[in-house]
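Visitor: Can you look at this prediction? I've put the sequence above it.
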Amino acid sequence: MYSKLIETVQGFQLDSLNNESRIKTLNYLIDIIQSKVDNKQEININFICTHNSRRSHLSQIWAQVASSYFNIHNVNCYSGGTEVSAIFPKIVETLIDQGFKIFKVRKGNNPIYFIKYAENSLPIIGFSKKYDDCFNPQTSFLAIMTCSQADTGCPFIPAAEKRIPITYEDPKMSDNTAEQAKTYSERSLQIATEMFYVFSKINK
């Protein structure tokens, strides 16, 4: 893992989570992942938000990094939306600031990014897509709803084994304000801390 990213990870306070309802939801996800690990099953997780532009990407990326950090194998993280837009540029800037190396490999209205967290890791491929895009798993996956709009707008996700709402406040509220950089950083770190909490609890 890149040294700057390690510094970010070392700053996580996994024992700072104290919202009982939130911990109960995260523990539910932990139990499902643990069961799959125990049964030597592949773990496919699709993080879903409305536009697949902010929170779903942060969740996908940090969950993939967390699974690697704790050496939990056979974990594949994806993201999608109920509609297609593009990864918001501030998400890319925030992740670079926190230690990732990100390369834009296709320009246009919906750019494609290679997101790397270590020199020898396969890149996470980031671009906006619908949750049922052919790039994402079509069966045997966990659907994690990361925003309330997607949670209420998608009461049923075809082929999902489980549908779990783990929602986050939209950092978009800070766009074009002096608080934007701080808000995006805080949201990224909040998601990262929770994803690291989840995978830290998995017994190999």
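Guide: Sure thing, it's come through.

Visitor: Low-confidence ranges, the protein, go.
Guide: Applying pLDDT under 70 to the chain flags the ranges 155.

Visitor: Please identify the residue most distant from the middle of it.
Guide: What lies farthest from the middle of the chain is residue 178; by CA atoms, centre = their mean that is 25.4 Å.

Visitor: Where does that one sit: helix, strand or coil?
Guide: Classification of residue 178 using DSSP: H, G, I helix; E, B strand; the rest coil returns coil.

Visitor: Count the residues that sit near residue 182.
Guide: 12 (other CB atoms under 10 Å). Backbone N, C-alpha and C define where each C-beta goes, glycine included.

Visitor: tell me the contacts of residue 162?
Guide: 32, 142, 143 (CB atoms under 8 Å, 6 or more residues apart in numbering).

Visitor: Could you export those residues as JSON lines, including neighbour count and distance to residue 153?
Guide: Listed next are those as JSON lines, based on neighbours: other CB atoms under 10 Å; distance: CB to CB, whole Å:
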{"residue": "32", "neighbour count": "16", "distance to residue 153": "23"}
{"residue": "142", "neighbour count": "21", "distance to residue 153": "18"}
{"residue": "143", "neighbour count": "25", "distance to residue 153": "13"}
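
Visitor: quick one: which of the residues you listed sit in strands?
Guide: Mapping these onto strands (DSSP state E) picks out 142, 143.

Visitor: For residue 112, state which of the contacts of residue 162 is nearest.
Guide: Among the contacts of residue 162, residue 143 lies closest to residue 112 (CB to CB), at 23.0 Å.

Visitor: which residues touch the closest one?
Guide: By CB under 8 Å, 6+ apart, residue 143 lies in contact with 46, 48, 131, 157, 160, 162, 163, 164.

Visitor: Out of these, who's the most crowded?
Guide: In terms of neighbour count, residue 48 stands highest of those at 31 neighbours, by other CB under 10 Å.
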